[in-house]
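> Build the 3D model from these lines:
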Amino acid sequence: MLSPWLQIWLEAGREGQVFTYANPLDLPVGIGDLVQVRLQGRLHSGLVVDGLRQPPEELRGRRLLPVEAILQSAAVDGTWQSLITAVAGHCHTSVFKTLKSALPPGWLGQRRASRTGAPRPIWVVEPVRPVGGDERLTERLTERQRALLSHLESAAAPVPLRELCGRAGFSRSVVQALEGRGLLRRRAARPGGEGGCSGEPLEAPQPLTPAQAQAIQALETAGPGQSFLLWGVTGAGKTEVYLQAAARHLAAGRSSLLLTPEIGLIPQLLDRCRRRFGAAVVEYHSGLSEGERVAAWRRCLEGEPLVAVGTRSAVFLPLGQPGLIVLDEEHDTSYKQESPMPCYHAREVARLRAEQTGAVLLLGSATPALETWLACHTTGPRQTTLLRLRERIGGRPLPPVRLVDMRQELAAGHRRLLSRPLMTRLQGLQERGEQAVVLVPRRGYRTFLSCRSCGEAVLCPHCDVALTVHRSGSQEWLRCHWCDHRAEMQTRCGHCGSTAFKPFGAGTQRVMEQLGEELEGLRVLRFDRDTTRGRDGHRRLLERFAAGDADVLVGTQMLAKGMDLPRVTLAAVLAADGLLHRPDLRASEQCLQLLLQLAGRAGRGERPGEVLVQTYSPDHPVIRHLVDGRYDRFLASELELRRHGGLVPFSRACLLRFSGPQASRTATAAAAVAELLRPAVEAAGWWLIGPAPAPVARVAGRSRWQLLLHGPAEPDPSQSPCLPLPPETILRQTLPSGVGLAIDPDPINL
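Sure, this is the predicted structure:
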């Protein structure tokens with residue numbers, strides 16, 4: 001029966017709002033439909049969340065605006081809605097705030113409202129062979145025209161016009177000239193994926209090792225919703241397992257979702273998927289425009305089997321009949337959203353989705369998270385089956401780790417940032433046809449600027465952090481990596497008036513400069529957030545390095561994640577001590593994961609690799625585990641420490657973060673919430689710690705305080721977490737105006 005009144009959720013305000021509309025035309029509108037309505041005279045898209053036989057009491061007798069059109073039927077199905085409800089419960093926030101976070105930005109905004117909802121087409125270009133082999137058509141081509149044809153012929157699928165005229169560097173006049181000769185054609189492709197051929201894979205699957213074949217067999221015989229950990233050393237072929245498992249599901253009419261933790265890892269995985277699956281691939285991440293994300297979302301709603309590639313937010317894509325969900329580098333903390341709410345972890349959302357839809361969940365890593373490792377050794381509804389890939393493809397050896405004791409370097413009178421062994425190893429890279437990657441903990445030129453007279457560091461005026469020195473040519477400036485505040489380089493101390501300023505530490509810019517000074521002719525590229533900005537920034541830089549434009553790639557932590565560069569024979573770490581001595585529960589785990597991942601970049605090709613680590617703490621337990629390469633020993637010892645201390649994952653934590661423009665007002669709000677919670681927290685057997693200032697107590701001019709709840713682990717992890725907290729709306733009612741609150745269950749960073 002049709003409902004005469006409808007409750008429709010519009011993307012307005014912090015969480016969106018539900019409005020009541022009339023259905024005088026008796027449109028066949030159902031819950032989950034996307035409809036067009038007016039709000040304050042403007043057209044908006046809205047999601048139907050309920051149907052009413054009578055309008056709400058407060059609206060009776062009033063004229064309600066009508067629903068004007070149905071934009072898309074069943075835009076949200078019942079299974080997807082139940083996932084949103086479960087995530088909202090787990091994250092202790094509202095369903096509508098979770099819904100707003102899950103949907104693509106602009107999907108329900110008034111700018112996207114239209115009767116068709118059709119996105120703009122994507123134009124692709126493909127080569128055309130001369131009719132009858134007439135070679136005269138290819139005579140008198142310019143060098144750029146021949147290069148463009150060669151580029152198209154080597155591509156696995158038609159190439160988007162925007163890509164040709166952007167990243168590939170061809171002008172539109174070259175495209176038009178070849179089109180006029182009949183040597184290429186432009187056509188509109190379906191949005192949300194490459195326009196190309198469908199049908200048989202464009203690239204044949206690679207031969208499997210026995211261990212890979214066993215993993216595929218286990219996935220094929222898995223039960224609905226079963227979880228697996230594919231623990232494979234770096235270079236063992238985990239990606240090939242993902243692709244062949246996805247191919248089997250695609251052939252059976254089911255979709256697959258392949259997630260990576262960083263946008264920088266998307267190009268490599270996306271290229272492999274497109275070579276294998278052609279037009280069946282859809283891309284989704286925050287690096288796309290709003291229109292592109294909306295187009296990808298709509299394509300998923302069509303229900304055809306797809307292979308979706310994306311980052312954390314892609315876990316919510318409305319794929320029809322998902323059969324496989326993969327989280328590559330599952331240990332990575334980028335899978336956790338810390339702000340804004342809901343503070344979800346993509347791994348837990350993927351697990352919920354697999355349980356609801358019967359999809360197989362595959363977690364892949366060379367350094368699995370402690371929680372995942374524990375799930376492989378416990379029984380119950382969340383038990384995870386362990387699959388191992390112990391050797392690299394082709395039997396290539398893992399690179400040995402060599403330590404450079406920087407204390408000995410200092411004692412020998414060598415005070416430079418680059419140790420003598422590293423300098424020796426870098427010499428002759430170009431002559432040998434080899435490459436190296438060098439990890440530096442910080443980007444920028446210098447870590448901070450300090451007065452040598454009084455010791456005062458130059459701080460950001462809006463954040464409680466030191467400004468980083470940046471340089472471009474002869475120009476230097478100061479920049480905050482938290483709020484992006486920029487300032488001129490200072491020459492006089494604002495505290496004591498001294499001019500004895502000195503920059504300390506070294507970032508990626510300084511390391512890159514010093515490499516050029518010390519080793520003449522060495523070609524160096526920098527890989528950090530400053531050099532990979534903009535669309536396809538990661539892809540362009542990595543393609544340059546892979547093509548041999550540089551001998552050394554200097555970068556931050558993003559350098560260690562999932563890149564396959566066959567010519568890299570050396571992976572080096574500068575200032576490893578900055579990673580070791582962080583005041584965080586997970587510092588040892590995260591440091592070892594990063595160092596092992598970086599080590600895995602070396603020796604993936606025909607030549608053996610080597611890892612060189614500069615440190616002042618060669619006897620640190622993490623460094624010793626790095627040298628012996630036995631990550632399982634570290635996991636066992638770390639779990640035992642956590643078990644004895646009653647720490648995560650043998651307990652649960654929930655962090656409440658407060659922020660406001662005034663420190664006193666924010667602190668008072670945090671204290672008031674603490675007193676409100678204390679009786680229920682203590683009655684539940686939990687502990688309440690704080691409130692206290694956050695480790696960085698001020699960011700972008702807002703004071704930050706936090707409150708930690710710590711308690712026993714859930715007896716049944718398959719159930720929604722039971723936190724001793726009232727509803728979020730009750731907590732917000734206690735806050736003064738201007739003070740914000742974020743609830744982070746199971747926080748990654750404390």
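
> what's the average pLDDT for the longest helix seen in the chain?
For the chain, the helix with the greatest residue count under DSSP state H is helix 663-683. Averaging pLDDT along helix 663-683 gives 90.

> Report all helices and strands that it contacts.
strand 651-660, strand 687-699, strand 702-712 (3 or more Cβ pairs under 8 Å, 6 or more residues apart in numbering; DSSP states H and E). The way it works is simple: take the backbone N, C-alpha and C, and place the C-beta from them, glycine included.

> per-stretch mean pLDDT over those, give me the minimum one.
Among the helices and strands packed on helix 663-683, strand 687-699 scores lowest, with a mean of 85.

> can you list the residues that contact that one?
462-465, 482-483, 583, 657-659, 663, 667, 670-671, 673-674, 677-678, 681-682, 703-711 (Cβ atoms under 8 Å, 6 or more residues apart in numbering).

> moving C-terminal of the worst-scoring helix or strand of the chain on mean pLDDT, what's the next helix or strand?
Of all helical and strand segments in the chain, the minimum by mean pLDDT, DSSP states H and E falls on strand 501-504, at a mean of 58. Per DSSP states H and E, the first helix or strand lying C-terminal to strand 501-504 is helix 508-518.

> so how far is the helix or strand Leu541 falls within from its chain's centroid?
Assigned by DSSP H and E, Leu541 falls within helix 537-546. Its chain's C-alpha centre and that of helix 537-546 lie 18 Å apart, by Cα atoms, centre = their mean, to the nearest Å.

> Are there helices or strands packed against it, and which ones?
Going by 3+ Cβ pairs under 8 Å, 6+ apart, helix 537-546 lies up against helix 266-277, strand 524-527.

> For the first one, C-alpha coordinates in CSV please.
Once non-C-alpha atoms are left out, helix 266-277 reads as follows in CSV (Å, rounded to 0.1, in the frame of the first residue of the first chain):
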residue,chain,number,x,y,z
ILE,A,266,45.6,2.7,-5.5
PRO,A,267,47.4,3.2,-8.9
GLN,A,268,49.4,0.0,-8.8
LEU,A,269,46.5,-2.2,-7.7
LEU,A,270,44.1,-0.5,-10.0
ASP,A,271,46.4,-1.0,-13.0
ARG,A,272,46.7,-4.7,-12.3
CYS,A,273,42.9,-5.1,-11.9
ARG,A,274,42.2,-3.3,-15.1
ARG,A,275,44.7,-5.4,-17.0
ARG,A,276,43.0,-8.5,-15.6
PHE,A,277,39.3,-7.5,-15.6
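
> Which one of the helices and strands packed on helix 663-683 lies nearest to Asp405?
Asp405 lies closest, by Cβ to Cβ, to one member of the helices and strands packed on helix 663-683: strand 687-699, at 30.3 Å.

> Buried among the contacts of strand 687-699? Make that a PyMOL selection.
Filtering the contacts of strand 687-699 down to the buried ones (16 or more other Cβ atoms under 10 Å) takes a single PyMOL command:
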select buried, resi 462+463+464+465+483+657+658+659+667+670+673+674+677+681+703+704+705+706+707+708+709+710+711
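
> Need the three-state assignment for Val613.
strand (DSSP: H, G, I helix; E, B strand; the rest coil).

> what's the closest non-adjacent residue to it?
Leaving out its chain neighbours, the residue that sits closest to Val613 by Cβ to Cβ, 6 or more residues apart in numbering is Val573, at 4.6 Å.

> For that neighbour, give me the backbone phi and psi.
Per-residue torsions, Val573: phi -120, psi 120 (degrees, to the nearest 10).

> That one contacts Leu596, correct?
No - counting by Cβ atoms under 8 Å, Val573 stays clear of Leu596, with 11.1 Å between them.

> okay, these two: which has more neighbours?
Neighbours were counted for Val573 and for Leu596 using other Cβ atoms under 10 Å; Val573 has more, 26 against 22.

> residues touching the more buried one, list them.
Neighbour list for Val573: 438-439, 595, 598, 611-615 [criterion: Cβ under 8 Å, 6+ apart].

> partners of it in the sheet?
Leu439, Val613 (DSSP bridges).

> State the distance from it to Ala602.
Distance, Val573 to Ala602, using Cβ to Cβ, to the nearest Å: 11 Å.

> With Ser664 instead?
Remark: distance between Ser664 and Ala602 (Cβ to Cβ) = 52 Å.

> Have a look at those two and say which one is more surrounded.
Neighbour tally, Ser664 and Ala602, criterion other Cβ under 10 Å: the higher count belongs to Ala602, 29 against 9.

> ok, the more buried one touching Ala572?
No - with contact defined as Cβ under 8 Å, Ala602 does not reach Ala572; the gap is 9.1 Å.

> For the contacts of Val573, pick the one with the most neighbours.
Most neighbours among those, by other Cβ under 10 Å: Leu439, with 28 neighbours.

> Is it correct that that residue is in contact with Met558?
No - when contacts are counted by Cβ under 8 Å, Leu439 is not listed as touching Met558 (9.7 Å).

> OK, contacts around the closest residue to Arg586 other than its chain neighbours?
Counting by Cβ to Cβ, 6+ apart, Arg586 lies nearest to Ile748, which is 7.1 Å off, once chain neighbours are set aside. Residues near Ile748 by Cβ under 8 Å, 6+ apart: 333, 336, 338, 345, 586.

> Which one of the residues you listed is nearest to Leu25?
Using Cβ to Cβ, His345 comes nearest to Leu25 of those, at 43.8 Å.

> in a helix, that's where Ala636 is, yeah?
Yes - if the criterion is three-state DSSP, then Ala636 is within a helix.

> mind listing what the residue nearest to Val739 when sequence neighbours are not counted touches?
The shortest distance from Val739 to any non-neighbouring residue, by Cβ to Cβ, 6+ apart, is to Gly660 (3.9 Å). Counting by Cβ under 8 Å, 6+ apart, Gly660 touches 666, 669, 702-703, 736, 738-740.

> neighbouring contacts of the helix holding Leu541?
By Cβ under 8 Å, 6+ apart, the residues outside helix 537-546 that reach it are 167, 263-264, 266-268, 435, 525, 527, 531-532, 550, 553, 563, 565, 567.

> Same question for stretch 52-68.
Stretch 52-68 is contacted from outside by 3-8, 20-25, 27, 29, 35-38, 43, using Cβ under 8 Å, 6+ apart.

> Now, these that are in strands?
Among these, the members found in strands (DSSP state E) are 5-8, 20-22, 35-38, 43.

> Filter the residues you listed down to the buried ones.
Buried among the ones in strands among the contacts of stretch 52-68 by 16+ other Cβ under 10 Å: 5-8, 20-22, 35-37, 43.

> now, among these, which is nearest to Leu324?
The closest of those to Leu324 turns out to be Val35 (Cβ to Cβ; 33.0 Å).

> I'd guessed the closest one sits against Trp9; true?
No - taking contacts as Cβ under 8 Å, Val35 lies outside contact range of Trp9: 10.6 Å.

> which element is the residue lying closest to Gly629 once chain neighbours are set aside on?
Excluding its sequence neighbours, the residue lying closest to Gly629 (Cβ to Cβ, 6+ apart) is Leu398, at 6.3 Å. According to DSSP H and E, Leu398 maps onto no helix or strand at all.
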